[in-house]
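Participant: for reference, the sequence and a predicted model appear below.
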Amino acid sequence: MGKDTVNGIDVLPHREPFLFLDRVVEAGEKSSVGTVTFGPERDFFRGHFPEYPIVPGVILLEAMAQSAAAGVLALHRDGAIVDKSEIMLFAGADNVRFRRQVRPGDTFTTHAQVLKVGHGMGKFHVRGEVGGEIAAEADIFCVARKG
């Protein structure tokens, strides 16, 4: 998938207000890149934290997982990894590190590298950046299940 093709998020079951991916910029056999701009209107900013709003770490982790799943689903929706009737579920995370705050208006660029895929599961190394600076990274696990 090139930069000017289908945005990739169409394959995700997520919708507002829990869709944390604006588009899949690139998807390849071993990696994908996505973006999301966290506008100041996002509801979670009202409570996290009102005087100094930052994107919660769990939402950064979810954005990276959505990006990894969208990249895999966009390329492998033919049954090789995941059947058309299945969705990818977030199954776990290891080595999670938050290195930089993400603030309202920041564009969070997600990078997902396939470590292992097959038999209805995927393992990825994901990282998210703002302006080229790493904000978060983790090793995540996803499994395919009937939707």
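Facilitator: Right, received. Where do you want to start?
Participant: got the residue ranges for the strands in this protein?
Facilitator: 23-27, 31-37, 86-98, 107-118, 121-130, 133-146 (DSSP state E).
Participant: what angle separates the second one from strand 107-118?
Facilitator: Right, the one you point to is strand 31-37. 150 degrees (axes from the mean of the first three to the mean of the last three CA atoms, to 10 degrees).
Participant: do the third one as well
Facilitator: With the same axes, to 10 degrees defining the directions, strand 86-98 sits at 120 degrees from strand 107-118.
Participant: using PDB, list the CA coordinates for strand 86-98.
Facilitator: Below are the C-alpha coordinates for strand 86-98, written out as PDB (Å, rounded to 0.1, in the frame of the first residue of the first chain):
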ATOM      1  CA  GLU A  86     -12.300 -11.800  12.100                       C
ATOM      2  CA  ILE A  87     -10.900  -8.800  14.000                       C
ATOM      3  CA  MET A  88      -7.500  -8.400  15.600                       C
ATOM      4  CA  LEU A  89      -7.700  -8.100  19.400                       C
ATOM      5  CA  PHE A  90      -5.100  -6.600  21.600                       C
ATOM      6  CA  ALA A  91      -3.800  -9.500  23.600                       C
ATOM      7  CA  GLY A  92      -0.800  -8.100  25.500                       C
ATOM      8  CA  ALA A  93       2.200  -5.800  25.800                       C
ATOM      9  CA  ASP A  94       5.800  -6.200  27.000                       C
ATOM     10  CA  ASN A  95       8.600  -3.700  27.400                       C
ATOM     11  CA  VAL A  96       6.300  -0.700  27.400                       C
ATOM     12  CA  ARG A  97       8.100   2.600  27.800                       C
ATOM     13  CA  PHE A  98       6.800   6.200  27.700                       C
END
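Participant: no more questions from me, cheers.
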